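K.L.:
after the sequence you'll find the predicted model.
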Amino acid sequence: MIETLSGPSALSYRQAEDGDLAELVRLRDTAARWQMERGIDQWRPGELGEDHFRARLREGEVWLATIGPDGPLVGAWELWWDDPGAWGEQPPVAGYIHRLMIDRRTAPPAAGRRMLAEAERRIGAWGRPLARLDCLATNPRLRTYYQEAGYTAVGEQQGKRAIDGKRYAVTLLEKTLPAHDA
């Protein structure tokens, strides 16, 4: 368990486990519904089930954020160590942040930014100088959110493959992390 800050809205972080799969699916579906209600064409409820998150637990890292070590779930994200689907084959210089999800019922202000900063800290702790992520090229609101968090658009990938096999365009964004002493 990693804790940051203190006070009533302090966030704690831990890696997800098999027992968290149903909650991850609920969180993802809730975030998808929230997006759709606001006209954001990004995710759909039911797209990702427990099998997806189980695979991510095996192949990468899935992190949960809670209020304090025993408080309610605030959100989650996936941290990958490569992402050839969006970025192609790359040397091991980056960590790839995916599915940053917030539970809007419990999340304190700026929880998304705080979770993003924790993901960046993790990447730096692995000795990788770059944090990378992508978002739909047709989602300027999300692109702006990441740019305001210090990310720079470095290109587009026109043919990323969706879960259903369809292809779509994503904007590739990256951020240079401060040097980290191991």
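P.N.:
Structure received.

K.L.:
buried ones in stretch 12-26?
P.N.:
Residues of stretch 12-26 classed as buried by neighbour count (16 or more other C-beta atoms under 10 Å): 12-13, 16, 20-21, 24-25. For glycine as for every other residue, the C-beta is placed from the backbone atoms N, C-alpha and C.

K.L.:
what of stretch 173-182?
P.N.:
173-175, 177.

K.L.:
can you check stretch 39-54 too?
P.N.:
40, 43-44, 48, 52-53.

K.L.:
same check on stretch 88-106?
P.N.:
94-103.

K.L.:
could you identify the most distant pair in these?
P.N.:
A94 and D103 (27.3 Å; C-beta to C-beta).

K.L.:
quick one: neighbours of Y151, just the number.
P.N.:
Using other C-beta atoms under 10 Å, Y151 has 23 neighbouring residues.

K.L.:
state the distance from it to H98.
P.N.:
14 Å (C-beta to C-beta, to the nearest Å).

K.L.:
let me see the contact set for the residue most central in space within the chain.
P.N.:
Centroid check for the chain by C-alpha atoms, centre = their mean gives L100 as the closest residue, at 3.0 Å. By C-beta atoms under 8 Å, 6 or more residues apart in numbering, L100 lies in contact with 75, 77, 112, 115-116, 119, 133.

K.L.:
let's go with 6 Å and repeat that
P.N.:
Shown in contact with L100 (C-beta atoms under 6 Å, 6 or more residues apart in numbering): W77.

K.L.:
where along the protein do the helices fall?
P.N.:
In the chain, the segments counted as helices under DSSP state H are 21-37, 50-59, 84-87, 111-125, 140-148.

K.L.:
between those, which one is closest to Q157.
P.N.:
helix 84-87 (5.2 Å).
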